[in-house]
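# output the structure for:
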Amino acid sequence: MNDDAFLAHVADRLAALPAVQAVALGGSRAQGAPGQGGDDPGGGPRPDSDWDLAVYYRGTFDPDTLRALGWPGEVSDLGGWGGGVFNGGAWLTIDGRRVDVHYRDLDVVEHELAEARAGRFHIEPLMFHLAGIPSYLVVAELAVNRVLHGQAPRPDGYPEALRRTAPEVWRGRADTTLHYAKHNNAPRGGLTEVAGAIAIAAMQTAHAVLAARGTWVTNEKRLLERAGLRDVDAVLARLDTATDTLVKAVDDVTARFRAALPD
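Numbers count the residues shown, from 1 in each chain. Model (predicted):
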């Protein structure tokens with residue numbers, strides 16, 4: 001079946017699951033052609049891009065009802081991807097296409113929307129995300145995803161309170177990460193530790209830059225490019241185990257990151 005028929009078929013089946021109130025399309029496929037809006041301008045879908053779908057449920061969602069649809073793949077329990085706002089989902093193959101399904105608890109989503117409007121958020125660890133994820137990630141999804149079935153809340157623009165608070169939180173984390181690397185890892189010739197700290201601080205700074213712009217972030221895939229920080233690659237490429245080299249690298253990126261987010 002063609003892409004439109006495929007999407008309609010999958011969305012219909014997901015929308016019919018008990019407790020599901022809405023189904024939304026996310027990722028690059030929600031943004032249309034490359035360069036057209038979304039949370040990642042210039043990052044539109046490739047022909048082999050996954051299909052990212054979120055099921056917004058109210059009350060208790062039973063993953064067994066998703067397993068019962070018979071689509072091959074892995075279906076997690078609630079909380080199977082670490083808990084928190086990103087509380088599980090499935091990696092499936094449907095009609096030869098890769099499909100990711102994310103569970104979204106509407107009570108949690110509505111709470112985080114209210115928190116974001118008040119300028120409050122927290123950061124949670126999540127696999128494949130170096131800096132972790134802000135709890136407002138689920139709010140960002142509401143802003144950029146395309147609802148296919150039902151209704152889901154939607155933020156009215158990027159909250160001004162969040163633009164004021166989020167950059168300082170992320171910048172503080174980046175500064176602390178680099179300070180520790182300079183004074184604890186670099187003096188011991190800890191190349192791996194310093195490289196890791198620089199990578200994490202780069203992602204933290206990128207979050208700060210985009211929050212200051214009022215730009216939504218839903219993942220780290222093109223975060224450095226969007227924040228104008230891709231040149232950190234050159235610093236990492238020059239690293240070796242010499243203490244002076246490591247200290248200088250941390251000092252260089254500290255200055256670079258602070259310049260990217262002026263007071």
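# give the helix, strand or coil label for Arg164.
Going by DSSP: H, G, I helix; E, B strand; the rest coil, the secondary structure assigned to Arg164 is helix.
# who are the contact partners of it?
Gly119 (Cβ atoms under 8 Å, 6 or more residues apart in numbering). Glycine gets a C-beta too; all of them are placed from N, C-alpha and C.
# now do the longest helix seen in the chain: which elements does it pack against?
Identified as the longest helix of the chain according to DSSP state H is helix 191-213. Counting contacts by 3 or more Cβ pairs under 8 Å, 6 or more residues apart in numbering; DSSP states H and E, helix 191-213 is packed against helix 160-180, helix 223-227, helix 232-237, helix 243-260.
# single out the most deeply packed of the ones you listed.
Greatest average neighbour count among these goes to helix 223-227 (a mean of 20), per mean count of other Cβ atoms under 10 Å.
# residues in contact with it?
The contact list for helix 223-227, computed with Cβ under 8 Å, 6+ apart, reads 40-41, 202-203, 205-207, 209-210, 215, 217, 230, 232, 260.
# can you select the buried ones from these in PyMOL?
Restricted to buried positions by 16 or more other Cβ atoms under 10 Å, the PyMOL selection for the contacts of helix 223-227 reads:
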select buried, resi 40+202+203+205+206+207+209+210+215+217+232+260
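# contacts only, for the residue nearest to Ala161 when sequence neighbours are not counted.
Excluding the flanking residues, the one nearest Ala161 by Cβ to Cβ, 6 or more residues apart in numbering is Gly119, at 3.0 Å. For Gly119, the contact set (Cβ under 8 Å, 6+ apart) comprises 159, 161-162, 164-166.
# go on, Gly89?
Taking Cβ under 8 Å, 6+ apart as the test, what Gly89 contacts is 76, 80-81, 100-103.
# cool, and Gln21?
56-58, 106, 150-152.
# could you look up the SS state of it?
From three-state DSSP, the assignment for Gln21 is strand.
# and for the one 4 residues further on?
Using three-state DSSP, the three-state assignment for Leu25 comes out as strand.
# which strand residues bridge it?
Note on Leu25: beta-bridge partners by DSSP bridges are Leu53, Arg146.
# pipe the contacts of Gln21 into a markdown table and attach distance to Ser135 per row.
Output for these, formatted as a markdown table (distance: Cβ to Cβ, whole Å):
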| residue | distance to Ser135 |
| --- | --- |
| Tyr56 | 16 |
| Tyr57 | 18 |
| Arg58 | 19 |
| Leu106 | 15 |
| Gly150 | 23 |
| Gln151 | 22 |
| Ala152 | 17 |
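# what's the closest of those to Ala255?
Ala152 (42.1 Å; Cβ to Cβ).
# what's the neighbour count on the closest residue in space to the closest one that isn't next to it in sequence?
Nearest residue to Ala152, sequence neighbours excluded (Cβ to Cβ, 6+ apart): Ala22, at 4.3 Å. By other Cβ atoms under 10 Å, 21 other residues sit near Ala22.
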